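# When you get a sec, could you give me coordinates for this:
(one chain, ligands or ions: 2)
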Amino acid sequence: MTQPNDLPRHEHVSWDSARRIAHLVGRPQPAVSRALADAAGCVLASPLVSPAAVPPVDRSAMDGYAVRGAGPWHVVGHVAVNRVASVELADGQACSITTGAAVPAGATSVVRDEDIELDGSWVRGPAEPGKHIRRAGEECQAGEVVLPVGIVVDGPVLGLAASLGLNRLTVIPQPVVAALITGDELVHQGASGPGRVRDAIGPMLPELITRAGARLGPIRHLPDSRVALAEALSSAADLILVSGSSAGGPADHLRAVLADLGAELVVDGVDCRPGHPQALARLADGRLVIGLPGNPFAALSAFLTLGMAAISRMRGLPLQELPIASIAGGVACHPHSTRLVPVRVTGQGAVPVGHGGSAMLRGAAGADALAVVDPGPAEAIAARLLPLGTRPWGG
Ligand SMILES: Nc1nc2c(c(=O)[nH]1)N[C@H]1C(S)=C(S)[C@@H](COP(=O)(O)OP(=O)(O)OC[C@H]3O[C@@H](n4cnc5c(N)ncnc54)[C@H](O)[C@@H]3O)O[C@H]1N2
Ligand code: MOO
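Ligands and ions are numbered 1, 2, ... in the order given. Model prediction:
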């Protein structure tokens, strides 16, 4: 088998090393300029700098009256949010005004409608200098950095960018992640039976890939064929996940194909349960390949280990730090492997939910997180948590 050329090959590394190596090997995409509508999920590659003061003028924070001085005030006009006041207020004058409208020159405060007493064209009410006026530049000044590099562009970031007057952002684009699901035994409709196994990994991966912040490439189903796998690895994707070909059985061609292609096998097995046959390789053109074990929970564990770490780096993000929680009742350690154990996160700590065998997804599907149980001689009473799914913890 071809050995890696410029990278050391890591055989059966620890779970933590595997994540760190995958994060190191991922290459952030080159920064690009994107229209706001196409930038969600990307990561800021330049700080977000406001080109102008926001708000650009003093604005009313309430529907009411812009007034000058102490009341009563004579109402001399109206200013709506889509209009510019033509009057300048003199002492004792007011203008009715809507929320967000530019306050007329000379105004010293705004009095809310509900605090106003109306008397023909006169109004009176409690005026406090500066009250209910959003000052020009109170959110930011022209040229001010409002967000640093490395922020994920989400809804609020896009809204903020628009409110600063920006049309485009400089971002690291999302990597494209594709998947090849291998296995002659796999079927895609109906139940498993003798000689047939319902594909659980193909349906699982798209949501995991998009939640990891990558763009979903094609998910293809392949027979257990060395030629088909070699051909399919030419897919246009930054990272290709290959399931069901990671062990050393007669139908497991991934390592042989990677060797044929002159790929660098960077991680060759990880000391974790489940998911120990997972692998990470770099193709000659820099694209990454991750071998996900065929057992579905093992595939999920591998995606959350090597896959998440590589995708984070490709997006320009740091390796996620994992929170620590106590484990209700403790959980048995494996003597030399990290265990990944499905848990619900409750007020009493993380509670193992069972059904965490490598071929079953029942535990993970009902869990909030996987407890990362470090190897040891006895029981762990605390563990780091790898978040799973979108359910809020403690819900
Ligand atoms: N002699 C050894 N045999 C195995 C070892 C080992 O170390 N020595 N490791 C076992 C472990 S652990 C795992 S995990 C699997 C990994 O095998 P592969 O990645 O090569 O996958 P397969 O052998 O094709 O499949 C394993 C198992 O998973 C089922 N499978 C595969 N793909 C899917 C899918 N898309 N959806 C649902 N189920 C799937 C497949 O039918 C097999 O039952 O190797 C062990 N063996
Ligand atoms: O480690 Mo396998 O990956 O347990 O099922």
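# near ligand 2, which residues of the stretch 151-300 of the chain?
Taking C-beta under 6 Å from any ligand atom as the criterion, the stretch 151-300 of the chain approaches ligand 2 at residues 273-277, 293, 295, 298. In short, each C-beta sits where N, CA and C put it, glycine included.
# hmm, 8 Å instead?
With C-beta under 8 Å from any ligand atom as the criterion, the stretch 151-300 of the chain comes near ligand 2 at residues 246, 272-278, 293-295, 297-299.
# Any of those residues buried? List them.
The neighbour-count test (16 or more other C-beta atoms under 10 Å) marks 246, 272-278, 293-295, 297-299 as buried among those.
# of those, list those near ligand 1.
Restricting those to those touching ligand 1 (C-beta under 8 Å from any ligand atom) yields 246, 274-277, 293-295, 298-299.
# Among these, which one sits closest to residue 37?
Distance to residue 37 across those (C-beta to C-beta) is lowest for residue 299, with 33.7 Å.
# Need the phi and psi values for the closest one.
When read as degrees, to the nearest 10, the backbone of residue 299 gives phi -60, psi -40.
# now the one 3 residues further on
Summarising the backbone geometry of residue 302 under the convention degrees, to the nearest 10, its torsions are phi -70, psi -40.
# returning to that earlier point: pLDDT-wise, what's the bottom of the residues of the stretch 151-300 of the chain next to ligand 2?
In terms of pLDDT, residue 246 ranks lowest among these, with 89.
# Which of the buried ones among the residues of the stretch 151-300 of the chain next to ligand 2 fall within strands?
Cross-referencing these against strands under DSSP state E gives 272-273.
# one step back: export the residues of the stretch 151-300 of the chain next to ligand 2 to JSON lines and append columns for distance to residue 284.
Conversion of those to JSON lines gives the following (distance: C-beta to C-beta, whole Å):
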{"residue": "246", "distance to residue 284": "21"}
{"residue": "272", "distance to residue 284": "28"}
{"residue": "273", "distance to residue 284": "33"}
{"residue": "274", "distance to residue 284": "31"}
{"residue": "275", "distance to residue 284": "26"}
{"residue": "276", "distance to residue 284": "27"}
{"residue": "277", "distance to residue 284": "23"}
{"residue": "278", "distance to residue 284": "21"}
{"residue": "293", "distance to residue 284": "25"}
{"residue": "294", "distance to residue 284": "26"}
{"residue": "295", "distance to residue 284": "30"}
{"residue": "297", "distance to residue 284": "32"}
{"residue": "298", "distance to residue 284": "28"}
{"residue": "299", "distance to residue 284": "26"}
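# which parts of stretch 166-182 are buried?
For stretch 166-182, a neighbour-count test (16+ other C-beta under 10 Å) marks 166, 169-182 as buried.
# For ligand 2, state which of the residues you listed is nearest.
Nearest to ligand 2 among these: residue 182, at 15.0 Å, using C-beta to the nearest ligand atom.
# Surely that closest one is in contact with residue 242?
Yes: contact criterion C-beta atoms under 8 Å: residue 182 and residue 242 qualify, at 6.6 Å.
# Now the common contact residues for these two.
Shared contacts of residue 182 and residue 242, defined by C-beta atoms under 8 Å, 6 or more residues apart in numbering, comprise residue 229.
# Residue 19 in helix, strand or coil?
Of the three states, residue 19 takes helix under DSSP: H, G, I helix; E, B strand; the rest coil.
# which non-adjacent residue is nearest it?
Excluding the flanking residues, the one nearest residue 19 by C-beta to C-beta, 6 or more residues apart in numbering is residue 309, at 4.3 Å.
# How about residue 313?
residue 26 (3.1 Å).
# repeat for residue 51
Distances taken as C-beta to C-beta, 6+ apart place residue 165 nearest to residue 51, at 5.8 Å, with adjacent residues excluded.
# Quick check: that neighbour vs ligand 2, distance?
For residue 165, the distance to ligand 2 equals 52 Å [C-beta to the nearest ligand atom, to the nearest Å].
# Check that residue and give its pLDDT.
97.
# tell me the pLDDT at the single nearest residue of the stretch 51-200 of the chain relative to ligand 2?
Using C-beta to the nearest ligand atom, residue 200 is the residue of the stretch 51-200 of the chain that sits closest to ligand 2, at 12.9 Å. Here the pLDDT value assigned to residue 200 is 98.
# what about residue 28, distance to residue 289?
The gap separating residue 28 from residue 289 is 18 Å, by C-beta to C-beta, to the nearest Å.
# Correction: the previous question concerned residue 53.
Distance of residue 53 to residue 289, computed by C-beta to C-beta: 50 Å.
# Compare the two and say which is more crowded by neighbours.
The residue with more neighbours, out of residue 53 and residue 289, is residue 289; 24 against 18, by other C-beta atoms under 10 Å.
# Which strand residues bridge that one?
Taking DSSP bridges as the rule, residue 289 bridges to residue 240, residue 281.
# wait, isn't residue 383 in contact with residue 332?
No: the criterion here is C-beta under 8 Å, and residue 383 misses it with residue 332 at 11.7 Å.
# the more surrounded of these two?
Neighbours around residue 383 and residue 332, counted as other C-beta under 10 Å, are more numerous at residue 383. The numbers are 27 against 13.
# For that one, which non-adjacent residue is spatially closest?
The shortest distance from residue 383 to any non-neighbouring residue, by C-beta to C-beta, 6+ apart, is to residue 371 (4.0 Å).
# That neighbour should be in a strand, yeah?
Yes: with three-state DSSP as the criterion, residue 371 is located in a strand.
# Neighbours of it, how many?
Count around residue 371 with other C-beta under 10 Å applied: 27.
# Are we agreed that residue 110 is in a strand?
Yes: under three-state DSSP, residue 110 falls within a strand.
# Assign the residue in the stretch 1-150 of the chain that ligand 1 sits nearest to to one of the three secondary structure states.
Among all residues of the stretch 1-150 of the chain, residue 12 sits closest to ligand 1, at 10.8 Å; criterion: C-beta to the nearest ligand atom. Recorded secondary structure, residue 12: strand (three-state DSSP).
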